[in-house]
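[1] dropping a prediction and its sequence here:
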Amino acid sequence: MSVRLRLGELSLEANSQLWSVDERGEEPVLQLTGHTHVEHIRDSQVALIEYAGNDYSVEAEMRFLANYLPDPSAGWFGFALRAQDFMNYEVVWFIPGARRGFTVAYVPVAHGIVPWWTEAYETQEKGTIPLPKDDWFNARADVKGNTFSIFVNGQFVLEKKLTYFIESGRPGFFVGTATDAAFRRVRVQAL
């Protein structure tokens, strides 16, 4: 089941009714709330932007809202890149206040499985830029060819090769296990 959403001029397709657009404030906010389910392997929430292209820049302000795990430093959310569908995409997530010293990480998602427990994830270079736990931050992913670059608040964080080898696909947003998050001021442009 998918849910259609409208965020300003952008059309999105989400994989859960937990996604909504809050229009009560000064500007619309895409949010995922009430994500209390704890299933670490197949419980990713994804909202994909209706955009056709393979090289693009996707930018948004993001904010951690809550997590429903015992570890208060847990909670991850970010970009879905080159998404084929809700089960196959590359993901870059942000972990505000991460205890282990990394706040930005990458993993390919194949067939809905987010392999965060693998050695390839554990040993990869991660971003260590500070992220606020209680405020908005700006994030941008530039996807070109077989690499992507991540910027936070205008500062370069990391560049990596895409390892799922998806050559084209939609940009969007990812929210991990038992996490609530919000996104606003979303922009997508061709590179």
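    Received, thanks.

[2] CA only for contacts and neighbour counts going forward, please
    OK.

[3] pretty sure residue 12 contacts residue 30?
    No: Residue 12 is beyond contact range of residue 30, at 9.8 Å (criterion: Cα atoms under 8 Å).

[4] can you tell me the centre-most residue of the protein?
    Centroid check for the chain by Cα atoms, centre = their mean gives residue 78 as the closest residue, at 2.0 Å.

[5] per-residue confidence for that one?
    Per-residue pLDDT puts residue 78 at 97.

[6] do you know how far it is from residue 26?
    23 Å (Cα to Cα, to the nearest Å).

[7] cool, residue 65 as well?
    18 Å.

[8] which helix or strand in the protein has the lowest average pLDDT?
    Every helix and strand of the chain was ranked by mean pLDDT, DSSP states H and E. The lowest is helix 119-123, at a mean of 60.

[9] now the next helix or strand after it: mean pLDDT?
    Toward the C-terminus, helix 119-123 is succeeded by strand 137-144 as the next helix or strand (DSSP states H and E). For strand 137-144, mean pLDDT rounds to 98.

[10] so how far is strand 137-144 off the chain centroid?
    Put simply, strand 137-144 sits 10 Å off its chain's centre (Cα atoms, centre = their mean, to the nearest Å).

[11] same question for stretch 135-153.
    10 Å.

[12] picking that back up, tell me which of residue 65 and residue 26 has more neighbours.
    Between residue 65 and residue 26, counted using other Cα atoms under 10 Å, residue 65 has the larger neighbour count: 16 against 6.

[13] contact partners for that one?
    Shown in contact with residue 65 (Cα atoms under 8 Å, 6 or more residues apart in numbering): 134, 179-182.

[14] for burial, what's the neighbour tally of residue 170?
    Residue 170: 21 neighbours (other Cα under 10 Å).

[15] next: residue 29.
    21.

[16] you'd agree it is up against residue 8?
    No: using Cα under 8 Å as the test, residue 29 is too far from residue 8 to be in contact (9.3 Å).

[17] would you map the strands across the chain?
    3-7, 10-14, 19-22, 29-32, 45-49, 56-67, 77-85, 88-94, 104-109, 137-144, 147-152, 155-161, 170-175, 179-190 (DSSP state E).

[18] weakest of those in terms of mean pLDDT?
    The bottom spot among those, by mean pLDDT, belongs to strand 104-109, with a mean of 86.

[19] report the angle between that one and strand 88-94.
    160 degrees (axes from the mean of the first three to the mean of the last three Cα atoms, to 10 degrees).

[20] how far is stretch 51-58 from where the chain is centred?
    The answer for stretch 51-58 is 15 Å, by Cα atoms, centre = their mean.

[21] what does it contact?
    So stretch 51-58 is contacted by 82, 140-145, 167-171, 186-191 (Cα under 8 Å, 6+ apart).

[22] of those residues, keep whichever come out buried.
    Buried members of those, scored by 16 or more other Cα atoms under 10 Å, are 82, 140-144, 168-171, 186, 188.

[23] right, I'll call it a day here.
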